[in-house]
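[1] Pasting a predicted model and its sequence here:
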Amino acid sequence: MDHVTRLICGFCEQYDMLSPGVPVVACVSGGTDSMFLLDRLIRISDAFGFPLHAAHFNHCLRGAESDGDEEFVREYCRERGVPFHSGRGDVYSEAKRLGLGIEETARKLRYEYFASLCGQLGGGRAATAHNADDNLETVLMRIARGTGLKGLCGIPPVNGNIIRPILCLTRAQIEEESRRCGIPHREDSTNHSDDYTRNLIRHRIMPVMRDINPLVNVTEMTRLLREDEELLAESARSFLEKHRSGARLFIPPLPDLPRPVASRVVREFCGAGLSARHVDAVMDLIKSPDPSARLSLPGLKLRREYSYLIKGEEDKKTFSPRVLPLDSSVIIDELGIKVTSGRGKAQGIYNSLTNFIISWDKIDSELVLRPRRQGDTLRTPAGTRSLKKLMIDKRIPAALRGSLIVLSCGDRVLAVSGLGQAAGTAPCEGQSGLTVSITPENGDNTK
């Protein structure tokens, strides 16, 4: 086994890329790097015990040239006895439909195809031909666009079922070994154009980097940075496991976290590609003294509900007013609530927030169940207060305040679900009155 192949084997073992019996799909464009990858995977497949397949995705961007690439890879695989698979997609049309760039769309389509093929093979792994120069170019491109630690980690050797066996080799090593072994390849005419960002970096910046240091290689740097990133990401995941419940995040402990961990918590929770400016805006929302603060980001709505950060559109629940007849029940369909009235006697101290008893002499007109109105007040033992202030004191989220049921008689508020009964409206001990019970529509309230 030659030196370069030993380097590849050691790299694959280091990152546990290859397993006996697990199919490997070599993603082959026909260029130098991917043809070299296919050659080396053929050479080591028996030693590692994996079935090898080759796959080519035709982007249909260069007409006959693209079709020629596909046929070239197909014929090479036939000669080497490697099962060949091919897919194709209309990148131009899909880019227009998605509103994405050509490069991004092409990458999306081919990775979707490779993932689908691996699934058909029963959980295979897709091997791509990224090399150490690609890694450096990626880091430089991200630096130019603005990035943090995660962006500086470059291309990972393993990402889910994607493996990159030759990431440890420079392009020069691959080209030299390909010439030595006579591995054929096809030239992509677009590789010589500076219309694409990566080509611009490859043709104009990389030569300068090589002049400064001919051996420049970020493989070791990105490995160390990935270790740091994983430690910070694991701390963020641990926080989220304790404090996240679906689209709700308990936020009081968040500002006390180290900034690098807190920012990762925010990004992971929001599930969006947030910029540093967006993360700052979310942290400001979390620290805001306003318990009902709101924030709108591209494709994302966030809001505070006191100690919680809520993700998604606000669902303000409310309902239409209903008359509450005596000795009857009313269903409030919008809330899934049943309100029942009856007759009973006052017994002991009555302080339930969903069951009330109203003295008969306080009822001089029809009883109405309704949402709160501006100016509504409730008489408490400490004095009359507005419902708005009582709801704030009770830390009732703004989105839920419209779903609290106000029991009114004329202009007077007799009771409010979740807040209690107006002082002075209950009958004396042992006297009868109107009982009002608020329960789930299909259950009983045992409080």
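    Arrived safely, thanks for sending.

[2] Against residue 280, how distant is the residue nearest to the spatial centre of the chain?
    When CA atoms, centre = their mean is applied to the chain, the residue found nearest the centroid is residue 271 (2.6 Å). Relative to residue 280, residue 271 is positioned 18 Å away (CB to CB, to the nearest Å). For the C-beta atoms, the positions are set from N, CA and C on the backbone; glycine is no exception.

[3] Repeat that for residue 21.
    Applying CB to CB, the value for residue 21 to residue 280 is 49 Å.

[4] now residue 232
    To residue 280, residue 232 is 18 Å away according to CB to CB.

[5] Those two: which is more packed in?
    Using other CB atoms under 10 Å, the more surrounded residue of residue 232 and residue 280 is residue 232, with 16 against 13.

[6] helix or strand for that one, which one?
    In this assignment (DSSP states H and E), residue 232 forms part of helix 219-243.

[7] which residues touch the next helix or strand after that helix?
    As assigned by DSSP H and E, the chain's next helix or strand after helix 219-243 is strand 244-245. For strand 244-245, contacts defined as CB atoms under 8 Å, 6 or more residues apart in numbering pick out 250, 269.

[8] at 7 Å instead, please
    Strand 244-245 is contacted from outside by residue 269, using CB atoms under 7 Å, 6 or more residues apart in numbering.

[9] who's in contact with residue 293?
    For residue 293, the contact set (CB under 7 Å, 6+ apart) comprises 285, 304.

[10] tell me the pLDDT at it?
    pLDDT, residue 293: 88.

[11] where's it relative to residue 278, distance?
    On the measure of CB to CB, residue 293 and residue 278 end up 15 Å apart.

[12] Mind telling me what element residue 139 is part of?
    Using DSSP H and E, residue 139 falls within helix 132-145.

[13] who are the neighbours of that helix, in terms of helices and strands?
    On a contact count with 3 or more CB pairs under 7 Å, 6 or more residues apart in numbering; DSSP states H and E, helix 132-145 meets helix 149-152, helix 197-200, helix 219-243.

[14] ok and the longest one relative to helix 132-145, angle-wise?
    Interaxial angle, helix 219-243 versus helix 132-145 (axes from the mean of the first three to the mean of the last three CA atoms, to 10 degrees): 60 degrees.

[15] counting contacts, what elements does helix 219-243 pack onto?
    Packed next to helix 219-243, using 3+ CB pairs under 7 Å, 6+ apart, are helix 132-145, helix 149-152, helix 259-270.

[16] and if we set it to 10 Å?
    helix 132-145, helix 149-152, strand 248-250, helix 259-270 (3 or more CB pairs under 10 Å, 6 or more residues apart in numbering; DSSP states H and E).

[17] Okay, angle between the last one and helix 219-243 too, please.
    Taking the same axes, to 10 degrees, one finds that helix 259-270 is oriented at 70 degrees with respect to helix 219-243.

[18] So residue 34 sits against residue 110, correct?
    No: checked against CB atoms under 10 Å, the pair residue 34 and residue 110 is beyond contact range at 11.6 Å.

[19] Next, show the common contact partners of the two.
    27, 56, 128 (CB atoms under 10 Å, 6 or more residues apart in numbering).

[20] tell me the domain boundaries of this structure?
    The record's domain split for the chain, according to automatic domain parsing, is 3-217, 222-311, 322-440.

[21] start to end distance for the first one?
    Just to be clear, that refers to domain 3-217. One end of domain 3-217 to the other measures 18 Å (CA to CA, to the nearest Å).

[22] OK, contacts around the spatially closest residue to residue 22 that is not a sequence neighbour?
    If the residues on either side of it in the chain are set aside, residue 22 comes closest to residue 50, at 5.6 Å by CB to CB, 6 or more residues apart in numbering. Residue 50 makes contact with 17-24, 41, 44, 124-125, 127 under the criterion CB under 10 Å, 6+ apart.

[23] same question, residue 228
    Listed by CB under 10 Å, 6+ apart, the contact partners of residue 228 are 149-150, 152-153, 260.

[24] ok, 8 Å please
    Residue 228 sits in contact with residue 149, where contact means CB under 8 Å, 6+ apart.

[25] Roughly how far does it sit from residue 148?
    Distance from residue 228 to residue 148, by CB to CB: 11 Å.

[26] Give the residues shared as contacts by these two.
    With CB under 8 Å, 6+ apart, residue 228 and residue 148 have no common neighbours.

[27] re earlier: of all the helices and strands packed on helix 132-145, which one comes closest to residue 10?
    Among these, the nearest to residue 10 by CB to CB is helix 219-243 (12.7 Å).

[28] Please identify the buried residues of that closest one?
    With burial defined by 16 or more other CB atoms under 10 Å, the residues of helix 219-243 counted as buried are 219, 222, 225-226, 229, 232-233, 235-236, 239, 243.

[29] Among these, show me the least confident.
    Within these, pLDDT is lowest for residue 219, at 87.

[30] Now that one: closest residue in space that isn't a chain neighbour?
    residue 132 (5.2 Å).
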